[in-house]
Structure formats: structure tokens, C-alpha cells
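Chemist: Just to be clear, the model below is a prediction. Sequence and coordinates:
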Amino acid sequence: MGAPTAVPVGDAPATLGELLDRYPVLAPPVSSAGAAVILVLREGEREVETLLIVRASNPDDPASGQVGLPGGHVSESDGSLAATALRELEEEVGLSLGDLSGPPRFVGLAPAPRFGLTVGVFAAALGPVGRPPNARDPSEVAHVFWLARSSLSDTRRVVRDTHLGPYEVHATVAQGEVLWGFTRRVLRDFFGYPTDEILAGPAPPRRSAGPPPF
């Protein structure tokens, strides 16, 4: 029997510390972007994992039922994009700065053209005594789960409703959830996977499942 084939994990560093050390601790002003998200990372049994949320079904929420990162729109009272990310983190999954191993690292600004937004992206590690995340408000977040970085090597074509109508898009399917669009692009970039977010082509009309998150 031959040796097992290694699962691609991207070109980014292997350890959690090295992943975070690539980015500075910065807190850009809220005027820099319209929203902020945060990658909460932990050392899993075999590799680094990222916390993801599944948004609750809500006809008034453009991200209804979508997989995403903790985060949301800025508020003038936040003072900085880092504060926005931390506020949303606590509101959505019950984690505060004290549950993290240190202040969030500023990964950068990412475009979310579907919503005409620029999004501030941050990353931080769950601390050794950090509380487990959970969906604080079921009307906003249905549940949370951890995604192993190697899962991002999975690419499938899945039909989703986009601003161009129903299209096949590149997606990752893990734990029964479909990860695509903005969140998948951010994660693949963070972990050093090549960009593949190109619409594959129009799909036959079908019942709308809601627009993409961001």
C-alpha cells in the first residue's frame, strides 16, 4: 500500500502563530469600510480551523441562510473597524476580546461588490481558556461550526442566486454547509489558495435562495 496522499492546505504558513504573524495589530477607522468580519482560528486535532456561522433564515436578511464569518456593518459609535469586528463577534457568538489570545490582526480590506461594500477583515486566535462559541440569538445565527483549512481545497460547482441571476459558482461543501462567495474568497486568500471565484455560467431559472452574503 502506498503512502497516503497529503491534502492540500494552501501556501500559507502551517502554524496558527505564523499565520497571524503576517499581519499587524491595527484598528482602521470606521470610515475605511462599511463592515468588518473576523476569522477566529484555533488549533484543531490535525490542522488550523476557522469559526464559521450559519445565518438564520430571515426574508428580510440578504444573507439569510448563508455561511459566513462573524461580523456585520459598522456603527459610528464603534470607533474603529476592529471594534466593529469585536462587537459583532460578541453579539453573534458570545466571544469577547478576553476569549482571544490577543488583539485582532488586520488582514486588510476586501471588496464585496454585490452589496457595494468594502469589508475590513481581521483574524485572531481563540485563547487557551476561551469560552466555546455559540449562537447567541437564534433569530440571527442558526448555528456555528469549525472549518478545517484543508476543506478549502474542495471546489464544486453549485447553483446560487447572484446579482446576475442563477449561476453556477465555485463552492466548498463541508459538514453539510455550502461555503461560497465573499467568505470563501477571504478564507482561500488567507490560507494561500489560488483564486477561483469565477462564475461558471448561467443556470436554469429556479426558486430564489437569497443573494450572497456581502
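Modeler: Yep, it's here.
Chemist: Residue 143 reaches residue 135, doesn't it?
Modeler: Yes - applying CB atoms under 8 Å, one finds residue 143 in contact with residue 135, separated by 5.4 Å. For glycine as for every other residue, the C-beta is placed from the backbone atoms N, C-alpha and C.
Chemist: Looking at these two, which is more packed in?
Modeler: Neighbours were counted for residue 143 and for residue 135 using other CB atoms under 10 Å; residue 135 has more, 18 against 13.
Chemist: Distance of the more buried one relative to residue 144?
Modeler: 6 Å (CB to CB, to the nearest Å).
Chemist: on that earlier part again, what touches both of residue 143 and residue 135?
Modeler: Residues touching both residue 143 and residue 135 (CB atoms under 8 Å, 6 or more residues apart in numbering): residue 53.
Chemist: Tell me where the protein has helices.
Modeler: 16-21, 81-93, 181-190 (DSSP state H).
Chemist: Format those as CSV; extra columns: distance to residue 44.
Modeler: Shown next, in CSV, are those (distance: least, CB to CB, whole Å):
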stretch, distance to residue 44
helix 16-21, 10
helix 81-93, 17
helix 181-190, 15
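Chemist: possible to save those helices as TSV with distance to residue 72 and mean neighbour count?
Modeler: Listed next are these as TSV, based on distance: least, CB to CB, whole Å; neighbours: other CB atoms under 10 Å:
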stretch	distance to residue 72	mean neighbour count
helix 16-21	22	16
helix 81-93	4	23
helix 181-190	13	22
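Chemist: Out of these, which gets nearest to residue 49?
Modeler: helix 16-21 (9.5 Å; CB to CB).
Chemist: Give me the contact list for that closest one.
Modeler: Taking CB under 8 Å, 6+ apart as the rule, helix 16-21 contacts 12, 13, 41, 42, 43, 48, 105, 123, 124, 125, 190, 191.
Chemist: gap between the residue nearest to residue 71 when sequence neighbours are not counted and residue 170?
Modeler: Once flanking residues are discounted, residue 71 sits nearest to residue 37: 3.0 Å by CB to CB, 6 or more residues apart in numbering. For residue 37, the distance to residue 170 equals 20 Å [CB to CB].
Chemist: Among these two, which residue is more densely surrounded?
Modeler: Counted by other CB under 10 Å, residue 37 and residue 170 do not tie: residue 37 has more neighbours, with 28 against 19.
Chemist: wait, isn't that one in contact with residue 122?
Modeler: Yes - contact criterion CB under 8 Å: residue 37 and residue 122 qualify, at 7.2 Å.
Chemist: Mutual contacts of these two, please.
Modeler: residue 85.
Chemist: Closest to the centroid, which residue in the protein?
Modeler: The residue lying closest to the centre of the chain (CA atoms, centre = their mean) is residue 69, at 3.3 Å.
Chemist: what sits against the nearest residue to that one once chain neighbours are set aside?
Modeler: Closest residue in space to residue 69, ignoring its immediate chain neighbours: residue 37 at 4.0 Å, by CB to CB, 6+ apart. The contact partners of residue 37, taken as CB under 8 Å, 6+ apart, are 68-71, 85, 88, 119-122, 183, 186, 214.
Chemist: That's all I had, so thanks and see you.
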